[in-house]
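Participant: here are the coordinates; sequence isn't available:
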């Protein structure tokens, strides 16, 4: 259909959709940057979705049972900003639209979660939205099973572009959704055939419909500019018993001289092009001008969910008080009060009945105490359940026939797992954690960064955290991965030394509402470091004096995780020679950095020589403690390159991470 | 077929394949760690491949025209070690097999490139081998077009498991190979239905054959234990005009009591299980004992390519001397002698005709000088060609009908691109470089780590390297990515300040034979920093005095890349106030750290206060220069968290990365 026909056949629809198109054009032109063509091309699909299908109430963006709308093709941010403005989200004023991509505006270049009500997740890094959406849909299935369909019953809609589908993470997402039959997940593929470098065919010939079908999706098609056809396809997708992909054939930058070209993907800023496009659209209003009747029609769309929302609120109000409080607790990310006592009990037992154990096993012990109390946790592993120790017996598997299950077998998909965890945390009502080997932080990185950027409390359980994993060799031995996570803003990296510290680390991680955590855990057995019970959570301080010097304090050994026991052994050797040695355990550098100066000074006084001990690279944040913070002389015992394949004890010897090496370095400095 | 039938029907084949199986069982049992089941299950496929198809000569592992065999399922390392031992690779002695996974042995837990002749790439992180293989196959197509089929004409065979196919990077690889019709790429899928956590169906229902077909592959099937059927399928795959996937239906840990179970995936160490399995195999020899006639039969397989190899050597010898020297040059990773003069010319022109330009544009200027001379470069971009400035006019596109093209449109596939570049570099004869936005280092990380671990000179062109990219906002603005690459062992990270430094950085990157490089480049225009021509490559020193103090030296400003011009401006302001200020440009921290102590001391003397300036996090290696190296007082001007969406100039102001902020910090310290 040509534009004239589209206009003539569906004038009401045309005006609604074109309001999106011109706002997108105007905002991009004003910013002189951004992406015009995608919002122009997908305006019809979005209009039909919002008008006929999406359950939402613009006046209550946080309604917990709203349908979720995810713009995976985040560069088309003006599409969602226009929709939010038009439907009447209070914070999305016309002024914000006019200040698209400017300092202080909520209308960032890519949609940013937390800046804008109605933006469910931060997108822009391609493929993330579609992978997040799997987590959204899982959370809905899980909560519906637990709370009933009157409390949780909604769809997750995703707009994804060719870029999202070329990114590998999309395959992981598709695989998970297909396996789990997430029938309320609907992906609207903006099939416009264009990428930045040219036509999609320049780099891809994949039959996307066949690809989705191969993983158990139902596939539909529509003319992405024909509202009746779009409506038919979405209706069918909603009814399908599998996750559904709707291939929406669209024209990028429709109606402009840049239609169906790479140029149309980017910022259209030429005044004549914009004027000509307005004329083709039959839009006679000035920049940023939306006629009142069109705005009113859109606001009616924004209000059509109001009755359903009110009814839902009545359902919540009608819940038994304890149940209602629990519902509010899980969405507020609050912890049950009795968790603290359970953590203390784990710590007390650890001290009373000391055992050698790997910190990954310690994590399982902690989770056995946590999961029965914090019933909103949802665990998983990327096909390493027995190695990551993430599954406790009370967590049944989440599956098609057991949606109440709280444990997910993600498959060999670290990236999809992490991105789906982001989606679960964003959905709310569940508290996701999952594991893989720490070296595979690499695979999960794009999603881990987004946990931090969005400020959502996802917990990454990263086991096998050093050469201590032994024979699997350097591909599996992290050396720079503590550094990577520590360099990432708004991320807590815990490296506990024993069961007590592991329980404390879990407690602090669970207390976070706006910060993700990485818990770095050993494969190998470790001796207990904490031998006296303290009710207080010492890990919450980031670092603390674990064993103080006897006699004149000449050295401070600062260690983390599996190297704490080596530092304690070195201290014994040094004390035996009359060298007063303190051991500082530093399980969380970020928290220690946040501690007040006076406390840090007490832990790390100026005089003694300092040795940092960690089986990773020194670049992992060590220079601050070894060169700064009143340091005088210092050295580091750790890794300077990649590891090797051999039994762990041999590797520690060969790479010189031993008590004897620490002693030698202390003596060299004294 | 049951084992008895298999034994009876093909006794010769059975004995060959079972030699692999028992070596794998024996080595894993001796190491008490590793993976027995995969080598046992895939022994039949590997035997047929090596016996009937693979072009190789065990006595000449570096033969440049050999077929490449890639074990993407790297945990099954004993499969390849057994094959190399049996066929007679000189370094793979029985002693090495007996020392599987031990310190000092070449038989690491996962196959490590560079440790073992015959191991074409390091695998273990799943999906990497299959993605590498795309680069191998591309290199072969390219070199065959340029050198003729008598010089380069071979296949790339990959054994991939379910884990490889679940990892998202496999989809990127499949997409690239399908689009490029890499008909000499053959993937043998070990379809055993088992992962670590259980059956594949626990986490995946993907119809892999349909999935490959959807991206333009030809798909074949075989009974992975029936040699005739395997042979038929591989023969068909070789003849197919598209990349081919052969689904090999196998039994993991075949013949053992752990067959077809997750237990069979891991280390089988139980003596009775092993004895029973030997009995089922009809194998009456002790641990590590291979009867002479079986070894001889295998060695004959290892020698069957000898004639072809000798003939190939004659072809090389018959080349015109210049052509032969060029062939040897590209495989030796040598640079043409005249590159040095071309780089000097770029530098001279930059100084003589100074222009403001983005360093990404400077990179294009440098590449315009490099590509016509270093004719083995092979460029590309993950759908950001115009933004990464990686394509010079002389590089035609590599495509089905233009295999001589030296530029690849990778599509939106940073991970697949990087992993394929690893494959190209490993294949030899090409020198890959490609670009994306620096923030998407995250997507490429697993492959970038492997470039470093393997020690191969891949060049990553990472543009838009800070908040200086402006309006796209924090999802696209790297702040921790310099830190990530700098924390990675054996990686050179260049952040040049202008055209001169960019040309120098490229020269140093191209000189590397065993180290990958990351070149971090600005989107925004930068003023020339180097205004006097020096023939010497100053970037090769890592850091150097760019502008010295006048009068008493009170401050040293250390800056990189786009912040060098800010530091120079601060210096002017400080000098105007009589504060003698030196500016040190630090384009490569790794090289500066390698420079001798005396040189570093001249550049960074002890007295003056120091300010580090970089639009990234301080954790990016700064503490060494600001707290160590004789530092007295220091501070840092950079980022402490994520960026924001706004024009670049505004962001620099708002985040306080300005000359005025530097001046204020210097004064506060003085």
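Facilitator: Great, that's in hand. Nothing here was measured: the structure is a model prediction, and the numbers come from that model.
Participant: CA only for contacts and neighbour counts going forward, please
Facilitator: Will do.
Participant: so what's the residue lying closest to residue A:277 once chain neighbours are set aside up against?
Facilitator: Nearest residue to residue A:277, sequence neighbours excluded (Cα to Cα, 6 or more residues apart in numbering or on different chains): residue A:256, at 4.9 Å. Neighbouring residues of residue A:256 by Cα atoms under 8 Å, 6 or more residues apart in numbering or on different chains: A:273, A:274, A:276, A:277, A:280.
Participant: how about those residues in TSV, adding pLDDT and neighbour count?
Facilitator: What follows is the contacts of residue A:256, written out as TSV (pLDDT from 0 to 100; neighbours: other Cα atoms under 10 Å in any protein chain shown):
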residue	pLDDT	neighbour count
A:273	97	15
A:274	97	20
A:276	97	14
A:277	97	21
A:280	96	15
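Participant: okay, and which of those map to helices?
Facilitator: Members of the contacts of residue A:256 lying in helices (criterion: DSSP state H): A:273, A:274, A:276, A:277, A:280.
Participant: for chain B, what are the nearby residues on the stretch 451-600 of chain A?
Facilitator: By the rule Cα under 8 Å from any Cα of the partner chain, the part of the stretch 451-600 of chain A lying against chain B is A:453, A:471-476, A:480, A:483-484, A:487-490.
Participant: about what we covered before: make a markdown table out of the ones in helices among the contacts of residue A:256 and add distance to residue B:203.
Facilitator: Shown next, in a markdown table, are the ones in helices among the contacts of residue A:256 (distance: Cα to Cα, whole Å):
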| residue | distance to residue B:203 |
| --- | --- |
| A:273 | 50 |
| A:274 | 49 |
| A:276 | 52 |
| A:277 | 48 |
| A:280 | 50 |
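Participant: so residue A:473 makes contact with residue A:642?
Facilitator: No. Counting by Cα atoms under 8 Å, residue A:473 sits too far from residue A:642 to count as a contact (9.2 Å).
Participant: between those two, tell me which one has more neighbours.
Facilitator: The residue with more neighbours, out of residue A:473 and residue A:642, is residue A:473; 27 against 20, by other Cα atoms under 10 Å in any protein chain shown.
Participant: confirm that that one sits in a helix.
Facilitator: No. Using DSSP: H, G, I helix; E, B strand; the rest coil, the secondary structure at residue A:473 is coil, not a helix.
Participant: contact partners for it?
Facilitator: The contact partners of residue A:473, by Cα under 8 Å, 6+ apart, come to A:467, A:643, A:644, A:645, A:646, B:101, B:108, B:109, B:110.
Participant: and the closest residue to the fourth one other than its chain neighbours, how far is that from residue A:252?
Facilitator: Among residues not flanking residue A:645 along the chain, residue A:473 sits closest, at 3.8 Å (Cα to Cα, 6+ apart). Remark: distance between residue A:473 and residue A:252 (Cα to Cα, to the nearest Å) = 49 Å.
Participant: burial measure for residue A:286, as a count.
Facilitator: Close neighbours of residue A:286, defined as other Cα under 10 Å, add up to 12.
Participant: check residue A:558 too.
Facilitator: Under the criterion other Cα under 10 Å, the count of neighbours that residue A:558 has is 28.
Participant: now the helix or strand it falls within, how far from the chain's geometric center?
Facilitator: Using DSSP states H and E, residue A:558 sits in strand A:553-559. Once both centres are worked out by Cα atoms, centre = their mean, to the nearest Å, strand A:553-559 turns out to sit 37 Å from its chain's centre.
Participant: neighbouring strands of it in the sheet, and parallel or not?
Facilitator: strand A:580-585 (parallel), strand A:609-617 (parallel) (DSSP bridges).
Participant: tell me the SS of residue A:461?
Facilitator: strand.
Participant: now do the contacts for residue A:554.
Facilitator: If a contact means Cα under 8 Å, 6+ apart, then residue A:554 has A:579, A:580, A:581, A:607, A:608, A:609, A:670 as its contacts.
Participant: residue A:222 too?
Facilitator: When contacts are counted by Cα under 8 Å, 6+ apart, residue A:222 touches A:229, A:230, A:233, A:246, A:247, A:248, A:249.
Participant: out of those residues, which comes closest to residue A:361?
Facilitator: The closest of the contacts of residue A:222 to residue A:361 turns out to be residue A:246 (Cα to Cα; 44.5 Å).
Participant: could you give the average pLDDT over the helix or strand harbouring the closest one?
Facilitator: In this assignment (DSSP H and E), residue A:246 forms part of strand A:244-249. For strand A:244-249, mean pLDDT is 98.
Participant: again with stretch A:366-378
Facilitator: Mean predicted lDDT for stretch A:366-378 stands at 98.
Participant: can you list contacts of it?
Facilitator: Residues from elsewhere that reach stretch A:366-378, judged by Cα under 8 Å, 6+ apart: A:330, A:335-336, A:338-339, A:342-343, A:346, A:390, A:392-395, A:406-408, A:429-433, A:499, A:502-503, A:506.
Participant: start and end of it, how far apart?
Facilitator: End-to-end for stretch A:366-378, by Cα to Cα: 14 Å.
Participant: tell me the buried residues in that stretch?
Facilitator: A:366, A:367, A:368, A:369, A:370, A:371, A:373, A:374, A:375, A:376, A:377, A:378 (16 or more other Cα atoms under 10 Å in any protein chain shown).
Participant: where does the third one land in three-state SS?
Facilitator: Recorded secondary structure, residue A:368: helix (three-state DSSP).
Participant: how close does it sit to chain B?
Facilitator: Distance, residue A:368 to chain B, using Cα to the nearest Cα, to the nearest Å: 20 Å.
Participant: if we look at the helix or strand bottoming out on mean pLDDT in chain A, which residues are touching it?
Facilitator: Taking mean pLDDT, DSSP states H and E as the measure, chain A has helix A:3-9 as its least confident helix or strand, at a mean of 92. Residues outside helix A:3-9 that contact it (Cα under 8 Å, 6+ apart): A:14, A:225, A:226, A:255, A:280, A:281.
Participant: which of those residues sit farthest apart?
Facilitator: Longest span within the contacts of helix A:3-9, Cα to Cα: A:226 and A:280, 17.1 Å.
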